[in-house]
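Engineer: Sequence and predicted model, in that order:
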Amino acid sequence: QQQVKQSPQSLIVQKGGIPIINCAYENTAFDYFPWYQQFPGKGPALLIAIRPDVSEKKEGRFTISFNKSAKQFSLHIMDSQPGDSATYFCAATSGTYKYIFGTGTRLKVLA
Amino acid sequence: DSGVTQTPKHLITATGQRVTLRCSPRSGDLSVYWYQQSLDQGLQFLIQYYNGEERAKGNILERFSAQQFPDLHSELNLSSLELGDSALYFCASSSGLVLFFGPGTRLTVL
């Protein structure tokens, strides 16, 4: 119940493509679902996050889609750029629970 | 810059040794988290402290221990080191739901 399953493990897209990364959770106590972006040699940084009371959230070219009944959420990157090449982690937590991360997706956007 | 500092940046040591990693959280953040990231692996949650008290524990080995001091900085102690302990160790701090990660300490055990 503590796991967050993330797929795919790696992804290669052409510039302008729309990579999609998926995550699934089991624990219904989770009520905050962030995505973190990590560049090589750096610590992860918050990219975008969603609460389960909405089904979609957009910030610039990044969109989270959330399906509460399926206990799944995904990250879409519109008009992807080479600068988006990084490792992306989904996560889940609640105010009083552990902060659990997915296994990460290594994204490469080709110029 | 997240405002979280970690020292040292790199650490090279031998099997069987003991090391201490240090983390200073962002000003005002009471929570400190420690994560281990092995090569091409995800972020494994080790332990969380809140205002000096242990709040949650993950897959932290018995050879590892941590503490948070009254000034809120935290230390992660790794003892009887094994080759498999080589990894990036991240500290993160928060005052809400967003984690702010430090730059990490890269530990190499030879």
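Structural biologist: It's in. Residues are numbered from 1 along each chain as shown, chains lettered A, B, ... in the order given.
Engineer: where does the chain have low pLDDT?
Structural biologist: No chain specified, so I'll use chain A. A:1-2, A:95-97 (pLDDT under 70).
Engineer: wait, I meant chain B there
Structural biologist: Checking chain B against pLDDT under 70 turns up B:40.
Engineer: Of all the residues in it, which one is nearest chain A?
Structural biologist: Closest approach between chain B and chain A, counting by Cβ to the nearest Cβ: residue B:101, at 3.2 Å. (C-beta placed from N, C-alpha, C; glycine too.)
Engineer: What count of nearby residues applies to that residue?
Structural biologist: 22 (other Cβ atoms under 10 Å in any protein chain shown).
Engineer: and it, how far is that from residue B:80?
Structural biologist: 27 Å (Cβ to Cβ, to the nearest Å).
Engineer: How about residue B:4?
Structural biologist: 28 Å.
Engineer: element containing the residue in chain A that chain B sits nearest to, please.
Structural biologist: Closest to chain B within chain A is residue A:43: 3.2 Å, counting by Cβ to the nearest Cβ. Using DSSP states H and E, residue A:43 sits within no helix or strand.
Engineer: quick one, what contacts it?
Structural biologist: By Cβ atoms under 8 Å, 6 or more residues apart in numbering or on different chains, the contact list for residue A:43 reads B:2, B:4, B:90, B:92, B:101, B:102, B:103, B:104.
Engineer: Now it. Nearest residue, chain neighbours left out?
Structural biologist: Distance criterion Cβ to Cβ, 6 or more residues apart in numbering or on different chains; nearest residue to residue A:43, sequence neighbours excluded, is residue B:101 at 3.2 Å.
Engineer: So what touches stretch B:103-110?
Structural biologist: So stretch B:103-110 is contacted by A:42-43, B:4-15, B:17, B:19, B:21, B:37, B:78, B:81-90 (Cβ under 8 Å, 6+ apart).
Engineer: quick one: contacts for residue 35?
Structural biologist: If you meant another chain, say so; for now it's chain A. By Cβ under 8 Å, 6+ apart, the neighbours of residue A:35 are A:46, A:47, A:48, A:49, A:62, A:64, A:75, A:88, A:89, A:90, A:91.
Engineer: looking at chain B here, not the other one
Structural biologist: By Cβ under 8 Å, 6+ apart, the neighbours of residue B:35 are A:101, B:43, B:44, B:45, B:46, B:89, B:90, B:91, B:92.
Engineer: how about those residues in a markdown table, adding distance to residue B:65, neighbour count and secondary structure?
Structural biologist: Output for these, formatted as a markdown table (distance: Cβ to Cβ, whole Å; neighbours: other Cβ atoms under 10 Å in any protein chain shown; DSSP: H, G, I helix; E, B strand; the rest coil):
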| residue | distance to residue B:65 | neighbour count | secondary structure |
| --- | --- | --- | --- |
| A:101 | 22 | 24 | strand |
| B:43 | 20 | 28 | coil |
| B:44 | 16 | 17 | strand |
| B:45 | 15 | 21 | strand |
| B:46 | 10 | 21 | strand |
| B:89 | 13 | 23 | strand |
| B:90 | 17 | 26 | strand |
| B:91 | 15 | 30 | strand |
| B:92 | 18 | 27 | strand |
